[in-house]
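Participant: coords below, sequence missing:
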């Protein structure tokens, strides 16, 4: 973590500190050459960060560089509008205007609005309407030339003329881009609307999410495709398209704005499914006449599984009764009539019962660090201790971290240490541990589960999913809640709990890999968390619900009143670890 912070500070200081240092040298000293060296270093550093793709980036440092040179010209009496001073003065002011104008250029030059995949539209978008890289190169070169002329007091109108030409060229490029955009968008929007209407989707899957979140939708696609009903995937950010387009042949439309979203509301649409609580979901929910259904992307005792935002949807589909009760337990008032229990179709291929007689293959599935300290349930900081204890007992490890682990530099370093430990042990013992790209790219979590006899995880959705296997598992208490842990996270009542200091690690592994005294409790919890559906038709609980909602055959909720005695046992706050 310290190395990450140091690296970030160095980058920030170099990006803004060098121009500010040049400004201070020009304003407070007579060492002009030092100031110009600092300006050159600042420009070189910024160029190393962006190369030719810097249009619209690092505006403030570049503005400071030009301003610092103008201050030096003024201090030396070379700044003004007299006959022998105006060229550099006008050039500097023109450069400041050009740099400040870059954000508008970026907006005008970037990709056309509508991008589609697997839809019968001739025009599916461009990478850029007009390439902005030459403009940035020109502005960068002019900045260097301006600095050199100022350093050697070369009052040449040629530089001023080039700055003026650059301004005219940039303005012309922007105007041309806006004209192309207007013509392109009008034509493409009409084509997309016609194509969607011809395709006649019965429902839409709407998704808005940050980079790396594609898995939230990918986990549902096989089951939606299985229905054979036409549906439309609508993405709100361009970075989501590539991976999702590779996974399906269903039509995908990128809708950047509410206007583009409205353009897709064809008469055949009956419902919209949402895989997360993205802020842009509100853009879609405002359209009445459709059933808005929250399906989420996992079931866990985390705060994200009882978010108050979920109350805005017409229907909330959950895996089991636990998904209903945790909202009420945390004070989120959602009418019971909104809920439908649909199971977790992704688990229909998960093996139930023992995997091997030895019982020595263990999945370690740490979650990510979260967006804030209070949602950081990750055990990766204790990962080496956990894995070493398993290795000491002769276990083979399947390491399956959360996809978002890569977002946190400290977690990346911790994960690397665990992987290094597994690499070393594999070389010594010949045990075939699985980790890295094998488990994160080539295998999904069910593939990993099907090879394991037990699991250690954090508070996350993988714990609920593992419950379907009926095999033993442990959960880490990384906030050190002690006796209140099972109250806050009821699934822990049927798991073996590892405290933050790992003082119970040996005892937990004895139960996890040995007698397994909580087996009977897990079987009851399986129904509570994942629904009571026949194994041979487990995934059909979800697909049948989709068919009902799009055909207007939605049924009355079967969830009424208080929980059963089995459920009440999970709500008993007096339970201890």
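Facilitator: Cool, the structure landed. Remember, predicted model here, so these are calculated numbers, not experimental data.

Participant: so who does residue 376 touch?
Facilitator: 369-370, 478 (Cβ atoms under 8 Å, 6 or more residues apart in numbering). The way it works is simple: take the backbone N, C-alpha and C, and place the C-beta from them, glycine included.

Participant: swap in 10 Å and give it another go.
Facilitator: Counting by Cβ atoms under 10 Å, 6 or more residues apart in numbering, residue 376 makes contact with 367-370, 408, 411, 458, 478-479.

Participant: output those as TSV; include the columns secondary structure, pLDDT and neighbour count.
Facilitator: Putting the contacts of residue 376 into TSV (DSSP: H, G, I helix; E, B strand; the rest coil; pLDDT from 0 to 100; neighbours: other Cβ atoms under 10 Å) gives the following:
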residue	secondary structure	pLDDT	neighbour count
367	coil	93	27
368	coil	90	21
369	coil	88	22
370	coil	82	18
408	coil	86	19
411	helix	92	24
458	coil	94	24
478	coil	92	21
479	coil	89	17
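
Participant: which SSE is the residue lying closest to residue 517 once chain neighbours are set aside in?
Facilitator: Closest residue in space to residue 517, ignoring its immediate chain neighbours: residue 511 at 6.2 Å, by Cβ to Cβ, 6 or more residues apart in numbering. Element membership of residue 511 [criterion: DSSP states H and E] is helix 505-512.

Participant: which residue is the nearest non-sequential neighbour of residue 36?
Facilitator: Spatially, and ignoring its direct neighbours in sequence, residue 36 is nearest to residue 151 (4.8 Å; Cβ to Cβ, 6+ apart).

Participant: the one you found and residue 68, how far apart?
Facilitator: 12 Å (Cβ to Cβ, to the nearest Å).

Participant: now swap in residue 58 and tell me
Facilitator: From residue 58 across to residue 68, the span is 15 Å (Cβ to Cβ).

Participant: ok, now residue 461?
Facilitator: As judged by Cβ to Cβ, residue 461 and residue 68 stand 53 Å apart.

Participant: which residue of these two possesses the greater neighbour count?
Facilitator: The neighbour comparison of residue 461 against residue 68 (other Cβ atoms under 10 Å) goes to residue 68, with 26 against 23.

Participant: what's the nearest residue to that one once chain neighbours are set aside sitting at in phi/psi?
Facilitator: Spatially, and ignoring its direct neighbours in sequence, residue 68 is nearest to residue 23 (4.1 Å; Cβ to Cβ, 6+ apart). Per-residue torsions, residue 23: phi -60, psi -40 (degrees, to the nearest 10).

Participant: centre of the chain to the helix or strand hosting residue 104, how far?
Facilitator: Per DSSP H and E: residue 104 is located in helix 86-109. Relative to the chain's own centre, helix 86-109 is displaced by 35 Å; criterion: Cα atoms, centre = their mean, to the nearest Å.

Participant: about what we covered before: if I look at residue 151 and residue 68, which residues touch both of them?
Facilitator: Residues touching both residue 151 and residue 68 (Cβ under 10 Å, 6+ apart) are 35-36, 39.

Participant: next, count neighbours for the residue nearest to residue 36.
Facilitator: Neighbours of residue 151 under the rule other Cβ under 10 Å: 17.

Participant: report the contact partners of the closest residue to residue 283 other than its chain neighbours.
Facilitator: The shortest distance from residue 283 to any non-neighbouring residue, by Cβ to Cβ, 6+ apart, is to residue 258 (5.0 Å). Each residue near residue 258 by Cβ under 10 Å, 6+ apart is listed here: 280, 282-284, 286-287.

Participant: among those residues, name the buried ones.
Facilitator: Burial by neighbour count, 16 or more other Cβ atoms under 10 Å: within the contacts of residue 258 this picks out 280, 283-284.

Participant: tell me which strands and helices the helix or strand harbouring residue 71 is in contact with?
Facilitator: Residue 71 belongs to helix 59-75 when assigned by DSSP H and E. Applying 3 or more Cβ pairs under 10 Å, 6 or more residues apart in numbering; DSSP states H and E, one finds that helix 59-75 makes contact with helix 18-28, helix 32-50, helix 86-109, helix 133-151.
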